[in-house]
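In: mind folding the following:
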Amino acid sequence: MRVILQLALRNLKEHKSKTLIVALFIIFGSAIVILGNSFMESVNRGLEKDFRANYTGDLVVSVVPPDNWRIDIFGVDTNSFSGEIPQVPALTDIQEVERIIDSTEGISQKTKMITTMGIIFKGDEIDLSEITEDDSVSLLDMPMFMMFSGEGDTYFDVFGGQHITEGRALDYSSGKNELLIDTRIRDSFEKFFKKDLNVGDEVLVMGANTTGVIREATVVGFYVPANEHSAMFQTIYCTPGFARAFADLTYGTLMEQEGEESVSLSDFSEDDFFGEDDVFGDMISDETDVFENAELRDFNDILGDTTLRDELNRTDNGAWHFVQAKVSNPREADEIVSRLNEAFKEQGLDARAMGWKEAGGSYTYTVEGINILFNILVIILAVVVFIIIMNTMVVSVMERTSEIGTMRALGAEKSFVRKLFYTEAMLITVVSSIIGTVLALVFVAVFNSLNITVDSNMIAKVILGGGELQFSPTPQIIIITILVAVLGSLLSNIYPVSSALKITPLKALSKGAE
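Out: Sure thing, here's the model as predicted:
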């Protein structure tokens, strides 16, 4: 082996130009792969850290979504359209769900949350006519936001990293509709409406995923997110009763969700329509009587007894969309999710637990898509580099045909020649990969020290998993990159070496003489 190593070093030195060409390709390829994977690692780490700490926790429990539905903390994503914007259903049997969570080992904290979306306005009425006169403002600039409302005595214990810059926190005991607003929303509001937004202002909130729901509330404070570079969409925190009005969490909705029977035309028989008991005839007759006696009867009497209707439309003070939890050991989160789902299934509950990634799917799946695209680009790059190296090696080996013939004529076996070329490939690949790794790490150190951010562009922040541009190389990334480079180099030598060894020593020597 020592002889082979010495010959390999000598040969690499003698063929400097080709050695340098192959080395540069390997250095360039390994550095690009390390930098790319380090960047995606930073994106994934940043997104996971931010969401687990501030929005989803380590796990989230929701209802079991219907077919073609995906439920996360941002709402419902579905491919089936029925004319209505679907709402996140409330958790049923929430006391039993909480009991199972409390009895599960490894869970350290939990809370409950309601989520919906809204648009904020200021004034006596909602008027968007002004924006048509200003070409510098588009509908994308509208002050839309996620509306999160948590359980008063637990939510901010679990997700309490907000930095209040003005005003105060929510007072859940006040019984009033209060808003704690992201400073980014204030900025977009003032840009869009050309109006100031201050603590103490009375504002109107219109549901962005509901029909006709408008409520008045008081601005009690402004805050900056715990992670100032968060990719999370701008958010308003509000009191639960306020959020339930927009989330359609009423007693009537809950009864429908639990499978309460409803009355439809199919519930009537043919006799009901055309028999002695003429349903529509009675309705028309009753309506005629009502209008004939309108002067003598109060309008409320025309509507009849609305007690049941009012009760069904009243918000359900015990309704929640999600139960969120943090675990003592984040590495055990997936196992705990599995145990919870087994327990829910055994108890026949309409509940399912999911990890932070699924709970923040509207964001995390975007990042995963970028990961897949990047991996495809890396594979294409690797194939191109592999082909170039193989072509270079083919030329190099063929030029050394006479050398191979001489070694064979002196008694060298095919295995010896093959080991010699593979040793050369190993040496050049390992050294070049190490150089590429060092260059990549130097670039990472310099780039990370610049602390570059893209806070002004929300789309870029979502794509990057946050506004801070960083690289996070890991030992695993470096080792895998070097191993893949070595494997690729060895594979690229198989064809040229095998072709050269097929030539007989006599023919190789005669070819070299020519």
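In: show me what the helix or strand containing residue 96 is packed against.
Out: Per DSSP states H and E, residue 96 falls inside helix 94-102. Identification of packing neighbours for helix 94-102 by 3 or more C-beta pairs under 8 Å, 6 or more residues apart in numbering; DSSP states H and E yields strand 107-121, strand 322-327, helix 333-346. To be clear about C-beta, it is placed using only N, CA and C from the backbone, and glycine gets the same treatment.
In: which of the ones you listed is buried the deepest?
Out: Sort these by mean neighbour count, taking mean count of other C-beta atoms under 10 Å, and strand 322-327 sits at the top with a mean of 24.
In: need the residues that contact that one.
Out: Strand 322-327 has contacts (C-beta atoms under 8 Å, 6 or more residues apart in numbering) with 52, 56-62, 73, 91, 94, 97-98, 101, 106-115, 158, 333, 336, 359.
In: low pLDDT regions in the stretch 301-450 of the chain?
Out: By pLDDT under 70, the low-scoring segments of the stretch 301-450 of the chain are 301-317.
In: in it, which spans are helices?
Out: For the stretch 301-450 of the chain, helices defined by DSSP state H, counting those that start in this stretch occupy the ranges 307-313, 333-346, 356-359, 361-399, 401-409, 414-449.
In: a markdown table for those, including distance to residue 322?
Out: As requested, the helices of the stretch 301-450 of the chain are exported to a markdown table (distance: least, C-beta to C-beta, whole Å):
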| stretch | distance to residue 322 |
| --- | --- |
| helix 307-313 | 23 |
| helix 333-346 | 13 |
| helix 356-359 | 8 |
| helix 361-399 | 13 |
| helix 401-409 | 69 |
| helix 414-449 | 35 |
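In: quick one: closest of those to residue 48.
Out: helix 356-359 (6.7 Å; C-beta to C-beta).
In: on contacts alone, who are the packing partners of the closest one?
Out: On a contact count with 3+ C-beta pairs under 8 Å, 6+ apart, helix 356-359 meets helix 16-54, strand 59-62.
In: most tightly surrounded among these?
Out: strand 59-62 (a mean of 26).
In: tell me which residues are up against it.
Out: By C-beta under 8 Å, 6+ apart, the residues outside strand 59-62 that reach it are 71-73, 88, 91, 97, 101, 321-325, 327, 333, 336-337, 340, 351-356, 358-359.
In: so residue 196, which of the three states?
Out: What DSSP: H, G, I helix; E, B strand; the rest coil gives for residue 196 is coil.
In: show me where pLDDT drops low in the protein?
Out: Applying pLDDT under 70 to the chain flags the ranges 79-84, 124-141, 209-211, 250-317, 455-467, 503, 505-514.
In: residue nearest the centroid of it?
Out: Centroid-nearest residue in the chain: residue 364, 1.3 Å away (criterion: C-alpha atoms, centre = their mean).
In: how much space between the nearest residue to that one once chain neighbours are set aside and residue 106?
Out: Nearest residue to residue 364 in three dimensions, chain neighbours excluded: residue 357, at 4.7 Å (C-beta to C-beta, 6 or more residues apart in numbering). Using C-beta to C-beta, to the nearest Å, one gets 18 Å for the distance from residue 357 to residue 106.
In: those two: which is more packed in?
Out: Using other C-beta atoms under 10 Å as the criterion, residue 357 and residue 106 rank with residue 357 on top: 19 against 14.
In: surely that one and residue 367 touch.
Out: No: using C-beta atoms under 8 Å, residue 357 is not in contact with residue 367; the gap is 9.3 Å.
In: number of residues surrounding residue 73?
Out: Applying other C-beta under 10 Å, we find 25 residues neighbouring residue 73.
In: surely it meets residue 360?
Out: Yes: proximity of residue 73 to residue 360 meets the contact threshold set by C-beta under 8 Å, at 6.4 Å.
In: and for those two, which residues touch both?
Out: Residues touching both residue 73 and residue 360 by C-beta under 8 Å, 6+ apart: 55, 56.
In: quick one: contacts of stretch 423-439?
Out: Stretch 423-439 has contacts (C-beta under 8 Å, 6+ apart) with 4-5, 8-9, 11-12, 19, 22-24, 26-31, 34, 393, 478, 481-482, 485-486, 488-490, 492-493.
In: what do you get for stretch 388-399?
Out: Counting by C-beta under 8 Å, 6+ apart, residues outside stretch 388-399 touching it are 15, 18, 21-22, 25-26, 404, 421, 425, 488-489, 492-493, 495-497, 499-500.
In: please indicate which of the residues you listed are buried?
Out: By the neighbour-count criterion of 16 or more other C-beta atoms under 10 Å, the contacts of stretch 388-399 include these buried positions: 15, 18, 21-22, 25-26, 404, 421, 425, 488-489, 492-493, 496-497, 500.
In: picking up where we left off before, for residue 386, which of the helices and strands packed on helix 356-359 is the nearest?
Out: Minimum separation from residue 386 across the helices and strands packed on helix 356-359 (C-beta to C-beta) falls at helix 16-54, 8.9 Å.
In: ok, which stretches of the stretch 151-300 of the chain are strands?
Out: Assigned by DSSP state E, counting those that start in this stretch, the stretch 151-300 of the chain shows strands spanning 163-167, 178-182, 202-207, 214-224, 235-238.
In: tell me the strands beside the last one, with direction?
Out: Listed by DSSP bridges, the sheet partners of strand 235-238 and their directions read strand 144-150 (parallel), strand 178-182 (antiparallel).
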